[in-house]
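J.: here's my sequence, what's the structure:
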Amino acid sequence: MPPGGGYDGGMDASTPSAVSPRSQLATSIVPWLLIGAIGWGFLLVLGASMLSTRPATAGFDLELLLDAGRRVAAGQSPYDPSLVGGGAVDAPSLFYSYPPPVAQGMRLVAALPSWFVLVAWGIGASAAFAAVAVAIARRIGRRDSGGALAVPVLAIAPFVFPYAIGLLFGNLNVWFPALYGLILLAGVAPAGAAGAIGGVALGVVSVAKLHPASLGVWFLVRGPAERRVAAIAGLTIGAIVVASLLVGGFAPWAEYVSVVRAGAAADVVDSRNAGPAATIALLSGMTGSSVGLLQALVTVGSVGLTAWAARSRRDPVESLAWAAAASLVTLPVTWFHYPSALLPFAVAAIARAPLVGAAAVRRTTLLAAAAILVGIIAIAATPLIWVAIALVIAAVHESARSRPGTPPKVALRRA
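T.: Okay, the predicted model is just below:
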């Protein structure tokens, strides 16, 4: 997102030196179009190459969801019988372990070719994120056109490796930038329509992946208006569960409990798992029940960090950014693509930095660029992804800082 404000309407378009808003728009987005063409072109070529292998190495996570949807459509259980029976698993193993509503929803597209769903999956998630990014910028007060706001976001997206990897694998998490963005808007304007929409988003994402449910603590602790968002999220969760029971009965949920039990006994110590407990265990040689105890401490700590951020951080964007980062570690596994959920916070930081000053623009942009760079390096050293997350939070903090000599201000205010 370019670090500029809206158009300068003070110049007379009839003078020879005047530049029309349309020309300004074209000039501002052409470089971003070129950058986006490079990033998306490379991603498309790589994705096509991965799809051509046998078996295909692209979209395998999406294939798990589609297979579960196909089994539901055929009147079968979405879960592997060996897992339902209590079989042992490893954390990196490929198996469907989402709650029943995910498989029940995927049955709607399960009959379509997998490659088609993968492409539509990526386009839909990216379009949703771009739309939410524009809404975030509008909430801040940016007057740029929708194209001037959305094009830079989409141009940078393929260079954010957690998001790019999610697109290639067809992860459910590629929808998280849009969903977490709606939750961010609810945190900023909890009493309005944004609060209601964000509450629904929080409920949906909590059912789908469980770990984002810790964000509900932020809304419960933050204040009375925010508790409305948490209440809507709770109602949404209840509605989804009831609908699932009406569609499939109790059996899938009973089987899901068995799968969760089997997953809880899985060995989570793996170099691809960025979770703090798994990383510490891998470095120290810790095994067995000690890892489980450490994860319990991490989970409690993440909830505590969420409550601390809700109470102590004045800026709602930074406060919720801390909570969003904490939500990634409430469960034992944190895969590389999970931090894509922090993308809307980076968008908010870059979009509002011009409202603070030129120095804030430079520092915020530098921090955001560093986060992208570290995210690329982290593909070879997974724990570095936490450095990238820290840089995003630092960018959010920097974008709220005032010019020297002025009172503190929050560029993105609550309604």
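
J.: use CA for all of it now, contacts and neighbours both
T.: Noted.

J.: how near is Val200 to Val229?
T.: Val200 sits 8 Å away from Val229, going by C-alpha to C-alpha, to the nearest Å.

J.: which of the two has more neighbours?
T.: For the pair Val200 and Val229, the greater number of neighbours falls to Val229 (31 against 25), based on other C-alpha atoms under 10 Å.

J.: quick check: that one touching Ala194?
T.: No. Contact criterion C-alpha atoms under 8 Å: Val229 and Ala194 do not qualify, at 9.3 Å.

J.: shared neighbours, the two?
T.: Common neighbours of Val229 and Ala194 are listed as Ala186 (criterion: C-alpha atoms under 8 Å, 6 or more residues apart in numbering).

J.: next, give phi and psi for Arg192.
T.: Quick fix: residue 192 is Gly, not Arg. Phi and psi for Gly192, reported as degrees, to the nearest 10, are phi -100, psi -160.

J.: how near is it to Val333?
T.: 35 Å.

J.: of these two, who's got more company?
T.: Higher neighbour count among Gly192 and Val333: Val333, with 23 against 14, using other C-alpha under 10 Å.

J.: where does that one sit: helix, strand or coil?
T.: Classification of Val333 by DSSP: H, G, I helix; E, B strand; the rest coil places it in coil.

J.: who touches it in this structure?
T.: Ala91, Val268, Asn273, Ala274, Gly275, Ala278.

J.: if you set the cut-off to 6 Å instead, what comes out?
T.: Asn273, Gly275 (C-alpha atoms under 6 Å, 6 or more residues apart in numbering).

J.: for it, give me the pLDDT.
T.: For Val333, the model assigns a pLDDT of 91.

J.: look up how far Leu154 lies from it.
T.: Val333 sits 28 Å away from Leu154 when distances are taken as C-alpha to C-alpha.

J.: for Leu294, the count of nearby residues, please.
T.: 18.

J.: quick check, pLDDT for it.
T.: 93.

J.: ditto for Leu149
T.: On the pLDDT scale, Leu149 gets 89.

J.: pretty sure it sits in a helix.
T.: Yes. According to three-state DSSP, Leu149 belongs to a helix.

J.: burial count for Ala73?
T.: With other C-alpha under 10 Å as criterion, Ala73 counts 18.

J.: the closest residue to Leu64 other than its chain neighbours and Gly36, how far apart?
T.: Closest residue to Leu64 apart from its sequence neighbours, by C-alpha to C-alpha, 6 or more residues apart in numbering: Tyr96 at 5.8 Å. Noted for Tyr96: a distance of 33 Å to Gly36, by C-alpha to C-alpha.

J.: how about Ala213?
T.: Using C-alpha to C-alpha, Ala213 is found at 33 Å from Gly36.

J.: same question, Leu246
T.: 44 Å.

J.: what do you get for Ile232?
T.: 37 Å.

J.: same check, this time on Val317
T.: Look at Val317 and Gly36: by C-alpha to C-alpha, they are 27 Å apart.

J.: these two: who's more crowded?
T.: Legend: neighbour count by other C-alpha under 10 Å for Val317 and Gly36, higher for Val317 (29 against 21).

J.: how far is the host helix or strand of Leu343 from where the chain is centred?
T.: Remark: Leu343 resides in helix 343-352, with elements defined by DSSP states H and E. Centroid separation for helix 343-352 versus its chain: 13 Å, with C-alpha atoms, centre = their mean, to the nearest Å.

J.: what's the mean pLDDT across that helix?
T.: On average, the pLDDT along helix 343-352 is 95.

J.: how about residues contacting that helix?
T.: For helix 343-352, the surrounding residues in contact (C-alpha under 6 Å, 6+ apart) are Ala137, Pro177, Gly181, Val392, Val396, Ser399.

J.: again, but for stretch 291-298
T.: Residues outside stretch 291-298 that contact it (C-alpha under 6 Å, 6+ apart): Ala277.

J.: list the buried ones in it?
T.: Within stretch 291-298, the residues that count as buried by 16 or more other C-alpha atoms under 10 Å are Val291, Gly292, Leu294, Gln295, Ala296, Val298.
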